[in-house]
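Student: Sequence first, then the predicted structure:
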Amino acid sequence: MQIPTEKKIYFASDNHLGAPTKEASLPREKKFVAWLDEIKDDAAAIFLLGDLFDFWFEYKTVVPKGFTRTLGKLAEISDAGIPIYYFVGNHDLWMDGYFEEELNIPVYHKPKEFTFNDSTFFIGHGDGLGPGDKGYKRMKKVFTNPFSKWLFRWLHPDLGVRLAQYLSVKNKLISGDEDIHFLGEENEWLVQYCKRKLEEKHRDYFVFGHRHLPLNITLNETSKYINLGDWISYYTYGVFDGKNFEIKEY
């Protein structure tokens, strides 16, 4: 992708809309929608790196109630011809066609490489990558198993969504959430993951969410690991102008 002059690529992650309650997250949602409305004029593309919702599950004919402002704004931007890309997180693992069909937004379940101008990006949510976190990795295999999803669909949505929302907030193993304090490069699993990926192939930027911490870490002379932070405590986002990548606060 070539970025036109005066255009930028924007990145955001970890809104967790609906947590701890829909009422409590409404001001955050309005702020996020205002940001989307502000950036649409100079956005060449928008990347959303997961956990937009604190819980999301798609039944055959039902999706979770709410989030009308966000979905409407995404539809407006997509309809205007601005590409939006979505990477599922550990709280919205169960996306299954709704974004593609209703919003024309491609959804990715694994990290993916992109090239913008002459810079290569490796982009994903970040959950379950790198060494450690074995409990969550086992749990993720259970949750993403087609049979497990089939069983969950047999729960009435009122019961299934309420149960999942409760577990999302209360159970850190299920949610996959990590300590949101910087642990040092040697203990940050995503830093170790990026360094291993660099042994296979050069990338200029590794961009992830999940950690809820805005981080900009130099991996070597030409590669950086970026974590976007969140829209709960930091309201941070990434912006690439074709030459430089910055983390900004809204």
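Tutor: The structure has been received and is ready for your questions.

Student: helices and strands of the chain: which one bottoms out on pLDDT?
Tutor: Least confident helix or strand of the chain, by mean pLDDT, DSSP states H and E, is helix 172-175 with a mean of 50.

Student: packing partners for the longest helix anywhere in the chain?
Tutor: Longest helix in the chain by number of residues (criterion: DSSP state H): helix 22-39. Here helix 22-39 touches strand 8-12, helix 68-79, going by 3 or more C-beta pairs under 8 Å, 6 or more residues apart in numbering; DSSP states H and E. For every residue, glycine as well, the C-beta is placed using N, CA and C.

Student: Parallel or antiparallel, list what pairs with the first one.
Tutor: Put plainly, it is strand 8-12. Within its sheet, strand 8-12 is paired with strand 43-48 (parallel), strand 236-240 (antiparallel), according to DSSP bridges.

Student: for stretch 237-245, which positions count as buried?
Tutor: Neighbour-count burial for stretch 237-245 flags 237, 238, 239, 240, 241, 242, 245 (criterion: 16 or more other C-beta atoms under 10 Å).

Student: and the fourth one, what does it touch?
Tutor: Listed by C-beta atoms under 8 Å, 6 or more residues apart in numbering, the contact set of residue 240 reads 3, 8, 9, 11, 116, 119, 121, 205, 246.

Student: Help me confirm that the last one is found in a helix?
Tutor: Read it as residue 246. No - read with DSSP: H, G, I helix; E, B strand; the rest coil, residue 246 is strand and lies in no helix.

Student: Which residue, other than its chain neighbours, is closest to it?
Tutor: residue 239 (5.5 Å; C-beta to C-beta, 6 or more residues apart in numbering).

Student: That neighbour bridge partners, please.
Tutor: Note on residue 239: beta-bridge partners by DSSP bridges are residue 10, residue 246.

Student: wouldn't it be in contact with residue 9 here?
Tutor: Yes - between residue 239 and residue 9 there is a contact at 7.2 Å, judged by C-beta atoms under 8 Å.

Student: quick one: secondary structure of residue 151?
Tutor: Residue 151 is classified as helix under three-state DSSP.
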